[in-house]
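Enquirer: Got a sequence here, can you model it:
(2 chains)
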Amino acid sequence: MLNYFIRRVLASIPTLLIVITIAFFMMRIAPGGPWDKERSLPPEIEANIMKAYDMDKPLVEQYFIYLGKILVGDFGPSYKFRDFSVTDLLMGGFPASLQIGGMAIFLAVIFGTLFGAMAALRKNSAADYSVMTMAMTGIAIPNFVMAPVLTLIFGVYLSWLPVAGWGDGSFQYKILPVLALALPQIAYIARLTRGSMIEVLHSNYIRTARAKGLRERLVLLRHALKGAMLPVVSYLGPATAAVITGSVVIETIFDIPGIGRYFIQGALNRDYPLVMGTVIFYGVLIIVLNLIVDMLYGLLDPKVRLHD
Amino acid sequence: MSFKSRTGKIFSALTLTLSLLGAPIAQADTTLRIGNQGEPASLDPHFLSGDWENRIAGDLFMGLTTEDPEGNAIPGAAESWTVSDDGLVYTFKIRDHKWSDGQPVTAQDFEYAMRRILLPETAAEYASLLYIIKNGEELNTGKAKPEDLGVHALDDKTLEITLKGPAPFLISMLTHYTAFPVPKHIVEKYGKDWTKKEHIATNGPYKLVEWLPNTHVKVTKNELFWDAANVKIDNVIFYPQEDAAALIKRMRAGEIDCIYKFPSGQIDWLRQNMPEETKIAPYLGTYYYPINTKRAPFTDKRIRQALSMAIDREIIMDKVLKTGELPAYSMVPPGTSNYKEPSYVTWKSMPMADRITKAKELMKEAGYGDDKHLKVQLRYNTDDNHKRIAIAVAQMWKKIGVETELFNSEVKVHYAELKQGNFEVARAGWVADYNDPQNFLFLLESTSKSLNYGNYDNPEYDKLMEDAYLESDLKKRAQIMGKAEAIAMEDAPIIPIYYYVSKNLVSTKIKGWKDAINDTHRTRWLSIEN
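Expert: Numbers count the residues shown, from 1 in each chain, chains lettered A, B, ... in the order given. Take a look at the predicted model:
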């Protein structure tokens, strides 16, 4: 297991290097630069700025300068937010995204599997149809519709919760964004669980378990649910990465100081170091979470063994 | 305890909890909460470029001059000044006041700041605004030393600024953040980190409490500010939220007190539901379409004139924008200081039908008509209003036989292409940095490389602008610039569409708010009544 782990970590280094290289050059191909804006800069000023950020050097040289810097953990200054380094911004924003995203994923797993399993056990009943209808609705309503509706109801009309903002980071500010982020995930996980649960309930090993005279509750919890969780677990890898790195839409609507908006702001501002920082951050997160998913598979599914 | 009173207590506890969850808790201090619509790039006045940054920086720092409630320049860190007869040398007497850390504000702080912003290695985006100072441009391009700059501290309280040419707008320009002082003793000690909350010292009405990126910037009253006795609001919180629809909801829920620049799309709803909060006022800016004068057939003046004439600006104002913008027939908006009535296009008062006829004639003379249509590509950057205006313009041009192709791109790409001259007709806008016609008309000088998008090049125009720079008599200067503008309007290298208005939402409990032509509303003039 340990060997497997080390090998996977080593294998991720070239993957990351490829990601960095492609992102670095693709970003530069995009038309428009960091200082093209509503008010164009006089050429002499632009020259000063290009020089200050090494951007007057050939692109390949800039690439190697950048690689050298990230090796020592320096992700550079943000072009747009000049008082902060990219590391400052990402580390400053991650806690908020992690909290909101973590809570949303937690809710999604609990309620998603619960509803999904319930629907599967009462297949084709009224309960099943209503859960699935709600799930379809949840998936179909985009969060840029859901979030404003939630704020209008709970913030403006009922005045129970703040419309937006982070305040001092207290719980009341997190309720609506977590809800808005969790609802589609709950819906998606419920559908996944239902599908795989129905399949598992028809499988041989469940029949064996029942034939052995195991109590139905044990059959369901120990055997069926474990098997039914497999697709959910593999979905959770990338889903968790996506949710805890923040949702641009949710963060914008609720004005949450997370890192999700840096993905968009970085790209729109052509803030090259910020774009690279977010790409690397996201890449590492995906790699780590996929590794965790693979290791969980080894625990959940007897057919999968992680070979050294 | 009776059942009834217990239920009553539970009920009131419940309502209390709910109200605590919702409405902000009443504070003894007064706090102004601003929907500022943008995260500041920095708190260092030398690294700013946007109005949302100016709002914060202007509460923290104060230049030699500052804005009154209506945006006019009044004495700030300088209590008085004298001007030499040729209008070239200004001598400022620095007010006896202190940085928020207790150190005195000196003329050396100003000298240091102006040298710093112009040093090439500072890489300040907005440094060119100070090119009017002697050797400003030379210092910024590495051709002069900091000591050569025409800014000298004669003693602790006397600052002398020498200009390249007489600039009657200097006093108004000095309210701008590029001319703010920085605390020399702190910048030298902490370098790049001087704006961190544990280091920064300010000389304005407020001082920094905290800046949490993408959360808020909070400032509190600076008790050492020279006019602290008259500052009524204790704290200001600037929220960076950009989603205007969400901001309006927050204002309705009482979470914020004012929103700068609401989107036109909401205007009907706002007029109906928040008429008292909706503040619309003239603003020093012009929305225009530059025409690429170097690309055929737009090299032909008649075609440019026809394109401008055929646009029914009044319809765009009434049916598309609906927020009280004024149709534009000149580059310089009316009401600009140091000017007369702008030099409008000669056909301004011609009825629309006559204008179409005249435009058609011009097109015919240029070789276009029913048998040969002119094809124009009209570029605009992504924005609902830009798009709607472009569609309307395309319809209007159809009447004179012009086929328009609309081309949309994001703002970075749009301006990159404009700068390189890769366009035929495009959308652009200009908001003044200081209240003077020169700040609009310089855009069309042939030497104004990055901003003269259409590459307009008329030696006569350049000569007049050059004369205006050297003229110290205000009246004559206005006449000369008026002549220059008239020439440009006749040559039509740009199509003025409308003059901007400022669009703000201000809670009725905020008092002291006045319309300001530069849309600058410093917190020190405001108060909050509950």
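Enquirer: roughly how far apart are the closest residue to B:T336 other than its chain neighbours and B:P334?
Expert: The spatially closest residue to B:T336, leaving aside those adjacent along the chain, is B:P437, at 5.3 Å (CB to CB, 6 or more residues apart in numbering or on different chains). All C-beta atoms are positioned from the backbone trio N, CA, C, and that covers glycine. Computed as CB to CB, to the nearest Å, the B:P437 to B:P334 distance reads 11 Å.
Enquirer: Give me the common contacts of those two.
Expert: By CB atoms under 8 Å, 6 or more residues apart in numbering or on different chains, B:P437 and B:P334 have these common neighbours: B:P342.
Enquirer: Which of those two has more residues huddled nearby?
Expert: Between B:P437 and B:P334, counted using other CB atoms under 10 Å in any protein chain shown, the more crowded position is B:P437 (27 against 15).
Enquirer: now A:M229, nearest residue through space, not along the chain?
Expert: Nearest in space to A:M229, with sequence neighbours left out and distances taken as CB to CB, 6+ apart, is A:L300 at 6.2 Å.
Enquirer: Chain B versus the one you found, what's the distance?
Expert: Distance of A:L300 to chain B, given as CB to the nearest CB, to the nearest Å: 38 Å.
Enquirer: who's in contact with that residue?
Expert: A:226-227, A:229-230, A:233.
Enquirer: Kindly reformat these as JSON lines containing distance to B:K279 and pLDDT.
Expert: Converted to JSON lines, the contacts of A:L300 look like this (distance: CB to CB, whole Å; pLDDT from 0 to 100):
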{"residue": "A:K226", "distance to B:K279": "63", "pLDDT": "82"}
{"residue": "A:G227", "distance to B:K279": "63", "pLDDT": "83"}
{"residue": "A:M229", "distance to B:K279": "57", "pLDDT": "85"}
{"residue": "A:L230", "distance to B:K279": "59", "pLDDT": "86"}
{"residue": "A:V233", "distance to B:K279": "55", "pLDDT": "87"}
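Enquirer: Highest neighbour count among these?
Expert: Ranking the contacts of A:L300 using other CB under 10 Å puts A:M229 first, with 24 neighbours.
Enquirer: so that residue sits right up against A:A117, yeah?
Expert: No: A:M229 is beyond contact range of A:A117, at 9.8 Å (criterion: CB atoms under 8 Å).
Enquirer: center of chain B - which residue?
Expert: B:V431 (4.7 Å; CA atoms, centre = their mean).
Enquirer: Which helix or which strand is home to A:F5?
Expert: helix A:2-29 (DSSP states H and E).
Enquirer: er, A:A119 actually
Expert: Counting by DSSP H and E, A:A119 is part of helix A:86-121.
Enquirer: packing partners for that helix?
Expert: helix A:126-140, helix A:172-201, helix A:225-244, helix A:260-269, helix A:272-300 (3 or more CB pairs under 8 Å, 6 or more residues apart in numbering or on different chains; DSSP states H and E).
Enquirer: again, only this time at 10 Å
Expert: Packing contacts for helix A:86-121, counted by 3 or more CB pairs under 10 Å, 6 or more residues apart in numbering or on different chains; DSSP states H and E, involve helix A:126-140, helix A:172-201, helix A:225-244, helix A:248-254, helix A:260-269, helix A:272-300.
Enquirer: out of those, which comes closest to B:T65?
Expert: helix A:260-269 (32.1 Å; CB to CB).
Enquirer: centre of the chain versus the closest one, how much separation?
Expert: Here helix A:260-269 is found 15 Å from its chain centre; the criterion is CA atoms, centre = their mean, to the nearest Å.
Enquirer: ok so, going back, distance from the helix holding A:A119 to the middle of the chain?
Expert: 8 Å.
Enquirer: Helix A:272-300 and that one, what's the angle between them?
Expert: 40 degrees (axes from the mean of the first three to the mean of the last three CA atoms, to 10 degrees).
Enquirer: pretty sure the residue nearest to B:T336 is touching B:S172, no?
Expert: No: the pair formed by B:P437 and B:S172 falls short of the contact definition of CB atoms under 10 Å, at 11.9 Å.
Enquirer: Give me the common contacts of the two.
Expert: The contact sets of B:P437 and B:S172 overlap at B:337-338 (CB atoms under 10 Å, 6 or more residues apart in numbering or on different chains).
Enquirer: Tell me who's in contact with A:D168.
Expert: A:D168 touches B:T215, counting by CB under 10 Å, 6+ apart.
Enquirer: where does it land in three-state SS?
Expert: coil (DSSP: H, G, I helix; E, B strand; the rest coil).
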